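Novice: 3D model of this:
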Amino acid sequence: MYPNFFHLFKDLFGVEIPALVFVNTFGFFVALGFLGGNWLMTLELRRKEIEGVLKARKIKVEVGGKLSIPELIGNGLVGFIIGWKFVYLVMHAGEFFDDPQSHILSGEGSVVMGIVIAVAAMAWKYFDHKKTNSKYPEKTVIEQERHPYEIMGTLTLIAAVAGFIGAKVFDHLEHWDDFVRNPLGAFLDPFSGLTFYGGLIVGGAAVLWFAKRNGVHWRHILDVGGPAMMAAYAIGRIGCHMSGDGDWGIVNQASRPGALSWLPDWLWSYTYPNNVARICDPFTGGRCGMGEEVVLSAGVWPTPLYETIACGILFIVLWQMRKRINVSGVLFSVYMVFAGLERFFIEKIRVNIEYHIGSLDITQAEIISVVMMLVGLFGIWYFRKVGKPKTSQPET
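Specialist: Okay, here's the model as predicted:
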């Protein structure tokens, strides 16, 4: 397993690049998932605009005038943080090899590099504004045309921030006792404790709000987002598997059927050596002791890999369906059924906290999966009944 890209490059290419210790494997694939989703949604928004389903909007933008002091200081502050913290960490990567994350949140840094980058950022802002100011010396309100796909940069940022908060909150609700013992430490640790459904619910709500503010009908943005979210989830699960973040299955004590004898051993049962969660006991989730080799004492189902494969296939199916379904809202409803179905069955072999409801033992994800499938089935019926929404019109 590769907690960060230093270990990945060393194992695959035989080279040691200390700065790569700061490239967290799990975080990298989560970011890659967001970027992939952004690209797919941009493609779909462009296609819908070409087909006349979506239209560009006229918006009013204020340009020109004098550069304000707060704007200049704001740019300088961002530049100072980058120079003080991140440039310093890259330049001194060897010192923080064992525990880079703790240093990211520490007070260590280079004031000199912070000042240098701050001055550069302020100079860039000044000359960039000067170029605009030469065309509009006074504050002027101009009208610009904004295409639906042009909101994707901001929309992805909003989805990432809101999704992260939702994922953390839902995880803390599921592991409430751990959260109560150390609430600040649990919430500030950005590399553990993330629940997919929490990110989906909170991030999805934020995306719908932002899309509505920018004139894109909520049913269109849902259809655009369905295949993209399936692809992003598949990519993100690669990070879970490669880092060994503890999000794996239960101990695999099943005998492999003869028909699957051709499968490599790691695809049937895996011990996640050098896992970033530093877990050695897969039965209790017990951490490895000091000096103990980081590897599970028994093989578990590599469920993140199974989800990558399953969701990759489901993405291809959704992508092929997107042009054949002509009623808005139906494609996203199909995504809800697929996503709920996939997660419900994978929960049967995943490590999760179970809730006791009557005679049932059920996990948080299973409950949400069932709700997703029911909502998806209802959505297919409802949207087919009401038909298409009105074509988005440009604002004047």
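Novice: so where's the stretch 251-396 of the chain shaky on pLDDT?
Specialist: 389-396 (pLDDT under 70).
Novice: Could I get the full set of helices for it?
Specialist: 265-268, 303-321, 330-346, 364-386 (DSSP state H, counting those that start in this stretch).
Novice: Highest mean neighbour count out of those helices?
Specialist: helix 330-346 (a mean of 22; mean count of other C-beta atoms under 10 Å). From N, CA and C alone the C-beta is placed, and that goes for glycine too.
Novice: name the helices or strands packed onto that one?
Specialist: helix 218-243, helix 303-321, helix 364-386 (3 or more C-beta pairs under 8 Å, 6 or more residues apart in numbering; DSSP states H and E).
Novice: and that helix, how far out from the chain's middle?
Specialist: Centroid separation for helix 330-346 versus its chain: 18 Å, with C-alpha atoms, centre = their mean, to the nearest Å.
Novice: got the phi/psi numbers for the residue nearest to K85 when sequence neighbours are not counted?
Specialist: For K85, ignoring the flanking residues on the chain, the nearest one in space by C-beta to C-beta, 6 or more residues apart in numbering is G109 at 4.8 Å. Backbone torsions for G109, taken as degrees, to the nearest 10, come to phi 170, psi 180.
Novice: show me where pLDDT drops low in the stretch 51-200 of the chain?
Specialist: 64, 87-107, 171-197.
Novice: picking that back up, take the helices and strands packed on helix 330-346 and write them to TSV, including distance to K48.
Specialist: Formatted as TSV, the helices and strands packed on helix 330-346 follow (distance: least, C-beta to C-beta, whole Å):
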stretch	distance to K48
helix 218-243	6
helix 303-321	15
helix 364-386	16
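Novice: Strands of the stretch 51-200 of the chain, start to end?
Specialist: Here the stretch 51-200 of the chain has its strands, by DSSP state E, counting those that start in this stretch, at 57-63, 140-146.
Novice: Need those strands in a markdown table (columns: mean neighbour count and distance to I117).
Specialist: Converted to a markdown table, the strands of the stretch 51-200 of the chain look like this (neighbours: other C-beta atoms under 10 Å; distance: least, C-beta to C-beta, whole Å):
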| stretch | mean neighbour count | distance to I117 |
| --- | --- | --- |
| strand 57-63 | 13 | 27 |
| strand 140-146 | 12 | 31 |
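Novice: Just send these back as JSON lines, with distance to Q364 too.
Specialist: Formatted as JSON lines, these follow (distance: least, C-beta to C-beta, whole Å):
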{"stretch": "strand 57-63", "distance to Q364": "40"}
{"stretch": "strand 140-146", "distance to Q364": "39"}
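Novice: quick one on the thing from earlier: could you check how far the residue nearest to K85 is from V119?
Specialist: G109 sits 16 Å away from V119, going by C-beta to C-beta, to the nearest Å.
Novice: on that earlier part again, what about the residue nearest to K85, how many neighbours?
Specialist: 19 (other C-beta atoms under 10 Å).
Novice: please renumber so the chain begins at 93
Specialist: Right, with 93 as the first residue, what we last looked at is G201.
Novice: Surely it is in contact with I174?
Specialist: No: contact status for G201 versus I174: not in contact, 10.2 Å apart, counting by C-beta atoms under 8 Å.
Novice: still on that earlier bit, kindly reformat the helices of the stretch 343-488 of the chain as JSON lines containing distance to G290.
Specialist: Putting the helices of the stretch 343-488 of the chain into JSON lines (distance: least, C-beta to C-beta, whole Å) gives the following:
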{"stretch": "helix 357-360", "distance to G290": "29"}
{"stretch": "helix 395-413", "distance to G290": "17"}
{"stretch": "helix 422-438", "distance to G290": "13"}
{"stretch": "helix 456-478", "distance to G290": "9"}
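Novice: Mind checking those for the one nearest to G328?
Specialist: Smallest distance to G328 across the helices of the stretch 343-488 of the chain (C-beta to C-beta): 8.7 Å, for helix 395-413.
Novice: circling back to that earlier point, please report the distance of the residue nearest to K177 from P110.
Specialist: Counting by C-beta to C-beta - G201 and P110 are separated by 17 Å.
Novice: Please name the residues that touch the nearest residue to G245 once chain neighbours are set aside.
Specialist: Leaving aside its chain neighbours, G245 sits nearest to N130 (7.7 Å; criterion: C-beta to C-beta, 6+ apart). N130 sits next to 244-245, 248, 320 when contact means C-beta atoms under 8 Å, 6 or more residues apart in numbering.
Novice: now that we have these, which one has the most neighbours?
Specialist: A320 (25 neighbours).
Novice: mind giving me the domain ranges of this structure?
Specialist: Here the domain parsing of the chain from automatic domain parsing is 97-148+243-335+401-478, 154-236.
Novice: how about the residue nearest to R435 when sequence neighbours are not counted, what does it touch?
Specialist: Distance criterion C-beta to C-beta, 6+ apart; nearest residue to R435, sequence neighbours excluded, is S461 at 4.6 Å. For S461, the contact set (C-beta under 8 Å, 6+ apart) comprises 431-433, 435-436, 439.
Novice: do that again at 6 Å, thanks
Specialist: Shown in contact with S461 (C-beta atoms under 6 Å, 6 or more residues apart in numbering): 432, 435-436.
Novice: And these, which is closest to K150?
Specialist: Among the contacts of S461, G432 lies closest to K150 (C-beta to C-beta), at 39.7 Å.
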